[in-house]
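Undergrad: sequence and predicted model, in that order:
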Amino acid sequence: MTLTAMASEKSSGVKKRAPGVRGQASPLKVAADLRDLIVDGAFKAGARITERAVIERFGCTAASVREAFHLLEKQGGIVVSARRGARVIDQQLAPPSEVFLVWDRLRWLLGEELRRRDGVINDEVQFSRAGVSNSKRLAAAEAALNQLAEAAQSPRIAELMARTALHVMIVAPERFDEIEASLER
């Protein structure tokens, strides 16, 4: 499950925090919102993200920020180093040529699993690109991957593909349409 999905699940029914009130933003919500900021370009590939900046922006505790960093690192959006803080992944950590090679292999593997299990996709996947934020485009791709994972009974492959899609959106957003096109087939 993606951070966005987990945060919306967790936050449904939860009151919005008052401005300036600290400690009420959950780590899942902070991670999901921070991920959207990264994907939408507020933090560029390789940018440093300080704990203090996140605390000020989201009005949360340092513990929530550390947990949010852990969640984002686990998903592959940032790298956290001791005494150096958090950084958005960059082309050195996720070279686009290698990322697309991984994507192609995983897509092939998912297709094989679909065939092996006679998986059927009921809804044809189509993406709306014009005027849609990068975070919404990524969420749509992740939803399509979840649908494919269910049909193929291969959640781990879809999870790896979602991580790869995140890397593409961060280090080569101009090429994300290639990811979308491959999911439409």
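TA: In hand now; what should we look at? Numbering: from 1, shown residues only.

Undergrad: which residues in the protein form strands?
TA: In the chain, the strands defined using DSSP state E lie at 48-49, 78-81, 85-88.

Undergrad: deepest in the core, which of these is it.
TA: strand 85-88 (a mean of 20; mean count of other CB atoms under 10 Å). No exception for glycine: its C-beta is placed from N, CA and C like everyone else's.

Undergrad: and that strand, average pLDDT?
TA: Strand 85-88 carries an average pLDDT of 94.

Undergrad: that strand pairs with which strands?
TA: Partners of strand 85-88 in the sheet, by DSSP bridges, are strand 48-49 (antiparallel), strand 78-81 (antiparallel).

Undergrad: any chance of those in a markdown table, with distance to residue 40 and mean pLDDT too?
TA: Compiled in a markdown table, the strands paired with strand 85-88 are given as follows (distance: least, CB to CB, whole Å; pLDDT from 0 to 100):
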| stretch | distance to residue 40 | mean pLDDT |
| --- | --- | --- |
| strand 48-49 | 14 | 97 |
| strand 78-81 | 15 | 95 |
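
Undergrad: a markdown table please, covering those and showing distance to residue 115.
TA: Output for the strands paired with strand 85-88, formatted as a markdown table (distance: least, CB to CB, whole Å):
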| stretch | distance to residue 115 |
| --- | --- |
| strand 48-49 | 42 |
| strand 78-81 | 36 |
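
Undergrad: domain-wise, how is this protein divided?
TA: 3-88, 96-184 (automatic domain parsing).

Undergrad: if we go by neighbour counts, what in stretch 176-185 is buried?
TA: The neighbour-count check on stretch 176-185 (16 or more other CB atoms under 10 Å) flags 176, 179-180, 183 as buried.

Undergrad: need these in JSON lines with distance to residue 24 and pLDDT, can you?
TA: Formatted as JSON lines, the buried residues of stretch 176-185 follow (distance: CB to CB, whole Å; pLDDT from 0 to 100):
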{"residue": "176", "distance to residue 24": "33", "pLDDT": "94"}
{"residue": "179", "distance to residue 24": "35", "pLDDT": "93"}
{"residue": "180", "distance to residue 24": "36", "pLDDT": "91"}
{"residue": "183", "distance to residue 24": "36", "pLDDT": "87"}
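
Undergrad: quick check, nearest of these to residue 127?
TA: residue 180 (4.3 Å; CB to CB).

Undergrad: ok, and the closest non-adjacent residue to that closest one?
TA: Distances taken as CB to CB, 6 or more residues apart in numbering put residue 127 closest to residue 180, at 4.3 Å, once the chain neighbours are dropped.

Undergrad: what about residue 63, distance to residue 56?
TA: 15 Å (CB to CB, to the nearest Å).
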